[in-house]
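Trainee: no sequence for this one, just the structure:
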């Protein structure tokens, strides 16, 4: 799953499970499935982790449930060592392979 | 049938059925001749009748002589007439021209002298009404005067009646509710020293709660509780002493100084250059602290202009939320609780930094130190795209419709502004760390209340708490340094517009089980908490607002719904839109610069974002 978090204090923000792969990082934006999921990559970070249910934590303030912030260190997540290649990386690799095949091929006279 | 051209003597016991004129007929049964005259059978042998033949019958009626004698009669007693009252007898007058009739018995009978004398005698025998009218009147007056004091003391008795509260008009032992009788303005001025009945500024109540409590039980009219800010102190510091405000001879002991906010209005800083008077040191000098109580060097240059705000209203106003202590009210008309001075309007074309120009406004009561909120609606589709909060620092141009502030931006067309001054504080000593109360307004189970034009500070919870209240409006207000902004719950209906909320602890605007809308607000949280949280089957609309500095911008949860229309969520918000637990957020024409714009990033967990 993909985890989005604040870089300033490592606060957990969002877990995206069963989501298509991240497609593109453009300037400060991170796109996935055609949508911006991070507006400012200088402030928010993201990464691939093994799937895990993350339950929100609440405190009871005079009968009202108020959600407590969750920090990355509290989640005990397991990073996926090699994150899956992005679509751009896959396309780049494919182009590179095509190029090398073209170079290796012997022209027919 | 007889023929007309001959005469036939006929007879019988019955007249012929179809006779002819001059026909003769002999009635055998009567032994009398009859002749038909064209209309009837005439007896030919009747007296006086001259008949043909030789026989004469003497007529049976009076002789001519007798008839003539009768005609000539003129003496009394003709036809038996009498001067006495004799029944069935003609009346004639006697020699004196008088005649008598019997005593009258029915209404149309002729009266006579005897009857009238009897009636007059009967009338004369009546009690002394006519002869002794003055005496009788005097006696009656004496009797009247001896009666209980009903008539003489009517006003006093009416007053006693009016004061009754039990058993009135058959209600039994219950109490009759009082009802408003006309539209009314109730005045509140914490500095007033008059009668304290709220009827004028001179006789104003000194607390808002007293004004609320003075209202009738049932209000069917439009009531306005009008609240005056108080007197500010302005001047220029004349010496530079660390953590002090020094102005020779300007701080007499008779005036309360501690706990009042003090502004440096000479600065060019970001607009919140202020502290609190912690103590009066002498006639010349005050000690200044920051809102946490630490010493503050507010006038580092020693010659800056200052404004010392009036002592705030320091109370929680209970309206139906504590009926054990304060009378409850049923509002069928409306109650507007309005701070004395505020303005709201559209800025005009302007190129000067920090200057609010509105030539249609009446700025005559704007003073140095008044707080200003300006909102920029120049985004696409007029959505909110910026805002700033600051302080009035120059009123030299108010006559020209210009208020100068320490805002760093340039409010111009499509900016709107609010200027407030009447402070109501949750703090008793002017600092956040001091004694504080949870709410400024605590409203429950009440309809049609408008709160307008306040400057709220230092509540330990939300300055405005609304529970089970309907048709509630909060307008033209600034909330700063409070734990929360507004807390709406328990099936309330609310509208909040043209306000700035800056909170320090928990959600800036919390809605539970209620419906309503906010418009033209700026929300910010100094500790990065959630800004607009909508919980437990609530439905809300946010429009033309700016959400700044928060962990979450707009959060819907527990079967709730938020509609976001023409707002900006700033890049200082971690997660712009957040929806959980079968809740939905619908967005249209917003700018969402939050670091993470949406959570979830698609249609997950019943949340719909799009």
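Mentor: Done, it's in. The structure presented is a predicted model; accordingly, all values stated were derived computationally and were not measured.
Trainee: Go through the helices and strands of chain A and name the one with the lowest mean pLDDT.
Mentor: In chain A, no helix or strand scores lower on mean pLDDT, DSSP states H and E than strand A:22-26, which sits at a mean of 68.
Trainee: Which strands border the helix or strand just after it, and is each parallel or antiparallel?
Mentor: Counting by DSSP states H and E, the element after strand A:22-26 in chain order, helix or strand, is strand A:29-32. Within its sheet, strand A:29-32 is paired with strand A:22-26 (antiparallel), strand A:35-38 (antiparallel), according to DSSP bridges.
Trainee: Check the model's average confidence along strand A:29-32 for me.
Mentor: Strand A:29-32 shows a mean pLDDT of 79.
Trainee: May I ask which helix or strand encompasses residue B:142?
Mentor: Counting by DSSP H and E, residue B:142 is part of helix B:133-145.
Trainee: after that helix, next one along is what?
Mentor: Past helix B:133-145, the next helix or strand by DSSP H and E is helix B:154-163.
Trainee: Show me what that following helix packs onto, helices and strands only.
Mentor: On a contact count with 3 or more Cβ pairs under 8 Å, 6 or more residues apart in numbering or on different chains; DSSP states H and E, helix B:154-163 meets no helix or strand. From N, CA and C alone the C-beta is placed, and that goes for glycine too.
Trainee: How far off centre is the helix or strand following that helix?
Mentor: Using DSSP H and E, the helix or strand that follows helix B:154-163 in sequence is strand B:184-189. Chain-centre distance of strand B:184-189: 17 Å, with Cα atoms, centre = their mean, to the nearest Å.
Trainee: now swap in stretch B:368-376 and tell me
Mentor: 34 Å.
Trainee: Residue B:597 contacts residue A:40, correct?
Mentor: No. Applying Cβ atoms under 8 Å as the test, residue B:597 and residue A:40 come out as separate, 9.8 Å apart.
Trainee: Tell me which of those two has more neighbours.
Mentor: residue B:597 (24 against 17; other Cβ atoms under 10 Å in any protein chain shown).
Trainee: which non-adjacent residue is nearest the more buried one?
Mentor: Nearest residue to residue B:597, sequence neighbours excluded (Cβ to Cβ, 6 or more residues apart in numbering or on different chains): residue B:576, at 4.7 Å.
Trainee: Distance check, residue B:147 against residue B:141.
Mentor: Per Cβ to Cβ, to the nearest Å, residue B:147 is found 11 Å from residue B:141.
Trainee: re the thing from before, for the residue nearest to residue B:597, what are its contacts?
Mentor: B:547, B:552-554, B:569, B:592-594, B:596-598 (Cβ atoms under 8 Å, 6 or more residues apart in numbering or on different chains).
Trainee: ok, residue B:588 - contacts?
Mentor: The contact partners of residue B:588, by Cβ under 8 Å, 6+ apart, come to B:563-566.
Trainee: any idea how far the residue of the stretch 251-400 of chain B found nearest chain A lies from residue B:206?
Mentor: Nearest residue of the stretch 251-400 of chain B to chain A: residue B:321, at 14.2 Å (Cβ to the nearest Cβ). Using Cβ to Cβ, residue B:321 is found at 21 Å from residue B:206.
Trainee: More neighbours: which of these two?
Mentor: More neighbours surround residue B:321 than the other of residue B:321 and residue B:206, with 22 against 17 (other Cβ under 10 Å).
Trainee: low pLDDT regions in chain A?
Mentor: The model of chain A has pLDDT under 70 over residues A:18-24, A:61-64, A:81-87, A:107-109.
Trainee: Show me the strands in it, by range?
Mentor: A:2-6, A:12-16, A:22-26, A:29-32, A:35-38, A:44-48, A:57-61, A:64-68 (DSSP state E).
Trainee: quick one: which of those is nearest residue B:308?
Mentor: Minimum separation from residue B:308 across the strands of chain A (Cβ to Cβ) falls at strand A:57-61, 35.7 Å.
Trainee: Tell me, how many residues neighbour residue B:95?
Mentor: Residue B:95, neighbours per other Cβ under 10 Å, totals 7.
Trainee: Ignore what I typed, I meant residue B:277.
Mentor: The number of residues packed around residue B:277, counting by other Cβ under 10 Å, is 25.
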